[in-house]
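Engineer: sharing a model prediction with you, sequence too.
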Amino acid sequence: MTAVAGASPEFRRLRIPTGRVAAKRPGLAATVGGCLLALIALACIFVPIFWHYSAEAIVAPALQGPSLAHPFGTDTVGRDVFVRTFAGGRVDLAVIAIAVLVSAAIGSLLGVVAASSGRWVDAVVMRTADAIIAFPFMVLVLAIVLLVGTEATVWSLPPGLISLLAAIIVTDWAVYARLARGQTLSLRQRDFVTAARVLGFSSSRIVVRHLLPNVVSAVGAYMVTDAILAVVTTASLPFLGAGIQPPAPEWGVIMYGGATVLQTAWWITLLPGAVLAATAIALSLLADAVLAKIGGALR
Amino acid sequence: MTAPLLADLRRARSSALLEVRDLSVRIGHHDVLSGVDLSVGAGRCLGLVGETGSGKTLTCRALIGLLPRIGAEVMRGSITFDGRDLVSFRQRDWNRLRGREIAFVPQSSLTGLDPVMTVGRQLAETIRLLDPESEVRTRAVELLDMVEMPNPQQTLTRYPHQLSGGMRQRAMIALAIVGRPKLLLADEPTTALDVTVQRAILELLSSLRQATHMSMIIVTHDLGVVETVTDDIAIMYAGSTIETGATNDVLSRPQHPYTRALLDARPSARAGGARLTTIPGQPPGPGEWADGCRYAPRCPFVQDRCHEHVPQLTAIPDGHPAACLRQEELVHD
Amino acid sequence: MAVQAAPAPPVTQRPRRRRRGVIAQVGVRLGQMVVVTFAVVVITFLLVHLVPGDPARSILGQRATPEAIAELHKQLHLNGSILTQFWTFLQHALTGDLGSSLVAGSLPVTSVVFPALRVTLAVIGCTAVISVAAGLAMGVTSGVSRSGVVDSGLRAIMMVLLATPPFLIGFLLLLFALQTGAAPAGGWGTGALDDVRYLWLPSIALSAYLAPVIARAARQSVQETLGQDFVEAAISRGLPTRTLVFRHVIPNSLLPVISLLGYNMGALIGGAVIIEAVFNLPGIGSALVSAVSARDYPVVQGAALVTAVLVILVNSLSDVAYQLADPRTRVQS
């Protein structure tokens, strides 16, 4: 059965401006999100350098509420939560950046390879990806942390960092592989690629000029969304005894440190939590803007 | 005091069921309709003709109160239906009018049925709303009979995707006439159908009109449709009506150069292997309208003054209303 | 049944691909399910065998006696070639034997995992109910609302909820429970009815993730439905807004929303793992966490395998249910 909708073109064209409010202004969302993220990143770089306390030092009585001297109060042993939050942010932001970039690189490469190779390579890569996606993310991450062990460390990195990165990357590449494969396959069938091939352009030229930019923009859009997942995972794992190990400052570690005294000393958990939420919101604004900008091109 | 009132009453009685005067509609910063004049007499059928983008569908939307849905608003002009001014209507007034007095079969009526509800339930819902006195099932079957639906009983239990295009169009018409409207708007009723089905649907509309005495507006870009079923015609170009009159009159003695060009562009106008003529250029979209006559940039008879004055719909002696500064000279060519 | 497209106006929707029979589709889906499940079993098996060094040594520590290590090798089926080991693992898994826990008095893994899974599923079920109710309410309101303020406000709430990590919301709720005594601050009840007392707060925390996802989807789905022709047709039949929304818009927008529940099973189990830790619930997350800290490989393997298979099952079921529920894809009677 062939259904034909001949909707009036003037209707379709003129309906677009009445659409989503934020999508109308992706520029604003991007600016707000970008500024917020930049602010947090700058604070993470400079606060630990210039603040009059260090992240590890015990500087005051324990469990003091927020004050001018200690804007985020002090923790259960008397460390300054403010400086610990931003020192910890360095770890969280670094984990997001590394985990997302490496997963995206590995995943896209495998996805493009799967799409351009024969049936068997494609089947093996993609069924592996399917299976990895089938595992609940958190469950697989925990299992991998167990395998790698939280003690392993190099170059005096915080213990737990290696297992955390390994766990995220092993779990996360699969989504990128699916995305890159889908883009490659759909592009192969589009007219301009066929046209380029008919015109006799070499495959490498087609890959560089046409495939790569499209795959990169699709993958790039997902990376922003994925960064939210990465930061939430990183900060969640300390609750489960995995992830970055105390006493190294990290958002999850700091927050977990205050969990037992939540009722009396809420600031230890909730103020770093607010910074974490702000980071996630900034990323989510950016993701919305990116999707609004290139969303149309992807469909 | 009495005399003018009586006069008013008399005029209202003698005048048309629907009267549109100088209707102008705007979406955002663009005029999309400007200077639409129509009138539909009781029991008559008007063909609203124009190219895609000329504002036919938008005019229909204005008549059934669907403009706010697409962010459009009436800037000027009047729509008088059965003595009431539709421009001043509010949501509640519209809900009372729609379906009961003016009914609408939208353009893409193939997707005009709710896909997850059977035809019977959609009919029942509409009957309960518009014709609550009747026995729902009997009335539903009667309506499907009226639109000459094959197997009405069976069709009630069918989902829209199980019906053919022609059957879905019939179902849409059945839904539209539940409330015994005085005016039926049919937007491109035959566009998406097979040629044979097109003819059957047109015959159905004609016979329904005879049986129910309702007035109709049929929107189309197909002059063949106009010729077979309509009494009157209104030609639209770039958001305004440029020629109106009795169908035979307008088709046999077109006064506007655009109407002439339309007629010449019909495949049937090609006689003895003559080449099919086309109108050079494209109709202007909203925001692209020229000053003066909007057809001037494509008009072979254009003069300097055409770019300065917006021609109004005016009748010439022994003619019908058209909006062309040179209609009197041209009609005698 | 073919409906021919007319030359004008431009066709905006390509003809839908002819649908395969529902049975065939379900068959293909089941085939995919089996393949992915097999891949999941392989990965679960490899979890232990890809560990650098000897898993037995890493469990028992460097000072373990050779006898103890040999004993553990036997218990974990680490003898023989990797293919024989896999064959043993597969055979056991197929017969429902996931090995025995290395701690907890060597209980079978299944008796550790399944009781815990019951708690997690209770949390997830409760979450689904709360999220569908709240998400639909938010999404439909925001989708139907023509007011920019309602829409932007709800969008902002959704974004903040989506961007706030579930454990943070868990802590806020825990703080609330501690302050007001409205719910026990964690733990698990003694019977089905008692459990509900412990259930609702964690479920709300988890809903903070799921409800916005559903709200977003509902909003988009409602807006898409509202733009469709059958809605326009229903409005022009005079259907009041409430009838339109409840009888046409919501039923048409529901399927993609409900299917989201299935697709979010994995994320929900992942979220439940964290929420269980916050509220100290004896679910699969707590089982997993204690297994990880005790290096109880078989339980970790078992929990991963069981949850992954559950996710696959739920995804496939929601796919199949989608096919069966949508009348557009139902076989013709």
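Structural biologist: Sure, I can see it. Numbering: from 1, shown residues only, chains lettered A, B, ... in the order given.
Engineer: against B:Leu185, how distant is whichever residue of the stretch 151-300 of chain B sits closest to chain C?
Structural biologist: Closest approach between the stretch 151-300 of chain B and chain C, counting by CB to the nearest CB: B:Gly165, at 3.6 Å. From N, CA and C alone the C-beta is placed, and that goes for glycine too. Here the criterion is CB to CB, to the nearest Å. By it, B:Gly165 lies 20 Å from B:Leu185.
Engineer: quick one: which of those two has more around it?
Structural biologist: Taking neighbours as other CB atoms under 10 Å in any protein chain shown, B:Gly165 and B:Leu185 compare with B:Leu185 leading, 28 against 22.
Engineer: just the helices in the chain please.
Structural biologist: You didn't pick a chain, so chain A it is. Remark: helices assigned in chain A by DSSP state H are A:9-15, A:21-24, A:26-50, A:81-116, A:119-134, A:137-148, A:161-188, A:191-198, A:203-206, A:212-236, A:251-257, A:266-298.
Engineer: if you could check chain C rather than the one you did, that'd help
Structural biologist: So, for chain C - with DSSP H - the helices run C:22-49, C:55-60, C:66-75, C:82-94, C:109-144, C:148-163, C:166-180, C:192-226, C:229-236, C:241-243, C:250-263, C:265-279, C:284-293, C:297-325.
Engineer: up against chain C, what does the stretch 101-250 of chain B have?
Structural biologist: B:103-117, B:125-126, B:129-130, B:159, B:161-162, B:164-165, B:172, B:175-176, B:178-179, B:188, B:190-195, B:221 (CB under 8 Å from any CB of the partner chain).
Engineer: now the residue of the stretch 151-300 of chain B closest to chain C: how far from B:Thr190?
Structural biologist: Taken as CB to CB, the span from B:Gly165 to B:Thr190 is 10 Å.
Engineer: who touches both of those two?
Structural biologist: Common contacts of B:Gly165 and B:Thr190 (CB atoms under 8 Å, 6 or more residues apart in numbering or on different chains): B:Val197.
Engineer: for the stretch 151-300 of chain C, which residue gets nearest to chain A?
Structural biologist: Counting by CB to the nearest CB, the stretch 151-300 of chain C gets nearest chain A through C:Gly270, at 3.3 Å.
Engineer: got the contact list for the residue lying closest to that residue once chain neighbours are set aside?
Structural biologist: Nearest residue to C:Gly270, sequence neighbours excluded (CB to CB, 6 or more residues apart in numbering or on different chains): A:Met138, at 3.3 Å. By CB under 8 Å, 6+ apart, the contact list for A:Met138 reads A:233, A:236, C:269-271, C:273-274, C:285.
Engineer: doesn't A:Trp251 make contact with A:Thr85?
Structural biologist: Yes. A:Thr85 is in contact with A:Trp251 according to CB atoms under 8 Å; the separation is 7.0 Å.
Engineer: joint contacts of these two?
Structural biologist: A:272, A:275.
Engineer: correct me, but B:Val178 touches B:Arg100?
Structural biologist: No. Contact between B:Val178 and B:Arg100 fails when scored by CB under 8 Å: they sit 9.1 Å apart.
Engineer: which of these two has more neighbours?
Structural biologist: Between B:Val178 and B:Arg100, B:Val178 has the larger neighbour count (other CB under 10 Å), namely 25 against 18.
Engineer: for A:Val154, which residues are in contact?
Structural biologist: A:Ile162.
Engineer: and C:Ala122, what pLDDT?
Structural biologist: pLDDT for C:Ala122: 91.
Engineer: quick one: pLDDT of the nearest residue to it once chain neighbours are set aside?
Structural biologist: Distances taken as CB to CB, 6+ apart place C:Leu199 nearest to C:Ala122, at 6.0 Å, with adjacent residues excluded. Looking at C:Leu199, its pLDDT reads 84.
Engineer: any idea how far C:Leu199 is from C:Val245?
Structural biologist: 32 Å.
Engineer: about what we covered before: next up, the contacts around the residue nearest to C:Ala122.
Structural biologist: With contact set as CB under 8 Å, 6+ apart, C:Leu199 has these partners: C:122-123, C:126.
Engineer: where in chain A is pLDDT low?
Structural biologist: A:1-26, A:152-153, A:191-193, A:197, A:202-203, A:207, A:294-299 (pLDDT under 70).
Engineer: can you rerun that using 80?
Structural biologist: Residues of chain A meeting the criterion pLDDT under 80: A:1-27, A:52, A:59, A:63, A:116-118, A:146, A:149-157, A:187-214, A:288, A:291-299.
Engineer: tell me the centre residue of it?
Structural biologist: In chain A, the residue lying closest to the centroid (CA atoms, centre = their mean) is A:Ala227, at 0.8 Å.
Engineer: so the nearest residue to B:Leu17 once chain neighbours are set aside, which of the three states?
Structural biologist: In space, and not counting its chain neighbours, B:Leu17 is closest to B:Ala42: 4.7 Å by CB to CB, 6+ apart. Three-state call for B:Ala42 (DSSP: H, G, I helix; E, B strand; the rest coil): coil.
Engineer: one more: the one 10 residues further on?
Structural biologist: The three-state label given to B:Thr52 by three-state DSSP is coil.
Engineer: and it, how many residues sit next to it?
Structural biologist: Using other CB under 10 Å, B:Thr52 is surrounded by 15 other residues.
Engineer: pLDDT wise, what is it at?
Structural biologist: Reported pLDDT for B:Thr52: 82.
Engineer: what's the spacing between it and chain A?
Structural biologist: 6 Å (CB to the nearest CB, to the nearest Å).
Engineer: mind listing the shared neighbours of B:Val178 and B:Arg100?
Structural biologist: Common neighbours of B:Val178 and B:Arg100 (CB under 8 Å, 6+ apart) are B:Leu130.
Engineer: isn't the residue of the stretch 151-300 of chain B closest to chain C right next to B:Pro189, touching?
Structural biologist: No. Between B:Gly165 and B:Pro189 there is no contact under CB under 8 Å: 11.6 Å.
Engineer: show me which residues of chain B sit near chain A.
Structural biologist: Within chain B, the residues that sit near chain A (CB under 8 Å from any CB) are B:27-28, B:32, B:52-53, B:55, B:57-58, B:70-72, B:107-108, B:110-111, B:161, B:188, B:191-192, B:285-286.
Engineer: up against chain A, what does the stretch 51-200 of chain C have?
Structural biologist: So the stretch 51-200 of chain C meets chain A at C:51, C:58, C:148, C:151-152, C:155, C:159-160, C:162-168, C:171-172, C:174-175, C:178-179 (CB under 8 Å from any CB).
Engineer: neighbour-wise, which of the contacts of C:Leu199 leads?
Structural biologist: C:Val123 (28 neighbours).
Engineer: am I right that that residue is in contact with C:Ser203?
Structural biologist: Yes. Here C:Val123 reaches C:Ser203: they are 5.7 Å apart, a contact under CB under 8 Å.
Engineer: before we move on, back to that, what sits against the residue of the stretch 151-300 of chain C closest to chain A?
Structural biologist: Residues in contact with C:Gly270, defined by CB under 8 Å, 6+ apart, are A:136-139.
Engineer: ok, A:Pro249 - contacts?
Structural biologist: Residues near A:Pro249 by CB under 8 Å, 6+ apart: A:55-56, A:84-85, A:87-88, A:91.
Engineer: hmm, try it at 7 Å
Structural biologist: A:55, A:84, A:87-88 (CB atoms under 7 Å, 6 or more residues apart in numbering or on different chains).
Engineer: sec struct for B:Val25, please.
Structural biologist: Classified using three-state DSSP, B:Val25 is strand.
Engineer: before we move on, what about B:Ser34?
Structural biologist: Per three-state DSSP, the secondary structure class of B:Ser34 is strand.
Engineer: can you pull the contacts of it?
Structural biologist: Contacts for B:Ser34 (CB under 7 Å, 6+ apart) come out as B:24, B:239-240.
Engineer: ok, it to B:Glu308 distance?
Structural biologist: For B:Ser34 relative to B:Glu308 (CB to CB), the value is 17 Å.
Engineer: what is the neighbour count of the closest residue to C:Asp296 other than its chain neighbours?
Structural biologist: Distances taken as CB to CB, 6+ apart place C:Leu102 nearest to C:Asp296, at 4.9 Å, with adjacent residues excluded. Close neighbours of C:Leu102, defined as other CB under 10 Å, add up to 19.
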